[in-house]
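Undergrad: Provide a 3D model corresponding to the input given below.
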Amino acid sequence: MKNKLIKEKSRTSLINLLIKERGFKSYLEIGVQVPTNNFNKIICEKKYGVDPAAKDVVTHPMTSDEFFQSNTESFDLIFIDGLHLSEQVIKDVDNSLKSINKNGVIVLHDCMPKQKLHAQRNRESNEWNGDVWKAAMYIRMNYEDVSLTVLDMDYGCGVLETSKPQKLFPKIPIEDMTWDFYESNKVEALNIMSVEEWLKKSE
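TA: Numbering: from 1, shown residues only. Sure thing, here's the model as predicted:
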């Protein structure tokens, strides 16, 4: 499965690798949209999908806020790919941290927009990442009890590990995170690694 991740560099292959390598049994996806794009390809004993406007049947057709408000389950891996706005991603991460099992992993999609147009808060192009990158930087600056590494693949996949503390990147207010700041600081601020480097470090 490592070779598949190296070849495909997709969120699906990353999630399936984490599930297999770590023996995870339960998976939650926030922001399913089209289940055939990712959700249906995930191989896990228990799978849950949350989306208020999915193009097909999901287990929880509701917003992530509504889901977490009533949720009593816990999960080994949670994939966050819902509303691509930094404040909502931070809220989804905070809620996920309350619902993640010990040694669980949270994966964040869209942490590395390729250009400024893709990083607008309002969608203006086919490729749209929103300002998820700000949420990822915020986590790197403020969450010392977890560690976040962003893999340079599939628009940036953040791997948030709950079992490892991280050295915080120097804080700045989220409103001061400009596109120029992103371009100048993304490697260190997002702790960016290649897939190959991350796999070697994870051995």
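Undergrad: Kindly provide the whole-number mean pLDDT of stretch 13-24.
TA: Mean per-residue pLDDT for stretch 13-24: 98.
Undergrad: what do you get for stretch 90-97?
TA: Rounded mean pLDDT across stretch 90-97 is 98.
Undergrad: Buried residues, it. List them.
TA: Under the neighbour-count criterion of 16 or more other CB atoms under 10 Å, stretch 90-97 has 90-93, 95-97 buried. Backbone N, C-alpha and C define where each C-beta goes, glycine included.
Undergrad: Out of those, flag the one nearest to residue 170.
TA: residue 90 (18.4 Å; CB to CB).
Undergrad: List the neighbours of the one helix or strand that closest one maps to that are in contact with it.
TA: Using DSSP states H and E, residue 90 sits within helix 86-99. Under the contact criterion CB atoms under 8 Å, 6 or more residues apart in numbering, helix 86-99 has outside partners 28, 30, 64-65, 68, 71, 73-75, 78, 80, 82-83, 106, 108, 130-136, 138-139, 146, 160, 162, 174.
Undergrad: how about the helices in the protein?
TA: Taking DSSP state H as the criterion, the chain carries its helices at 2-8, 11-22, 64-70, 86-99, 132-142, 179-189, 195-202.
Undergrad: Can you give me the buried ones in the second one?
TA: When you say that, I think you mean helix 11-22. Quick answer for helix 11-22 (16+ other CB under 10 Å): 11-19.
Undergrad: same thing with the third one?
TA: Of the residues in helix 64-70, those scored as buried under the neighbour-count criterion (16+ other CB under 10 Å) are 64, 67-68.
Undergrad: Please name the residues that touch the most centrally placed residue in the chain.
TA: Nearest to the mean C-alpha position of the chain, counting by CA atoms, centre = their mean, stands residue 108 at 0.6 Å. Contact analysis of residue 108 by CB under 8 Å, 6+ apart lists 80-81, 89, 93, 132, 135-136, 148, 157-158, 160.
Undergrad: show me what contacts residue 21?
TA: Listed by CB under 8 Å, 6+ apart, the contact partners of residue 21 are residue 1.
Undergrad: that older thread, would you reformat the buried residues of helix 11-22 as a markdown table and include distance to residue 197?
TA: Formatted as a markdown table, the buried residues of helix 11-22 follow (distance: CB to CB, whole Å):
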| residue | distance to residue 197 |
| --- | --- |
| 11 | 18 |
| 12 | 20 |
| 13 | 16 |
| 14 | 14 |
| 15 | 19 |
| 16 | 20 |
| 17 | 15 |
| 18 | 16 |
| 19 | 21 |
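Undergrad: So which of those residues is the closest to residue 193?
TA: residue 14 (12.3 Å).
Undergrad: From residue 20, how far off is the closest one?
TA: Counting by CB to CB, to the nearest Å, the separation of residue 14 from residue 20 is 11 Å.
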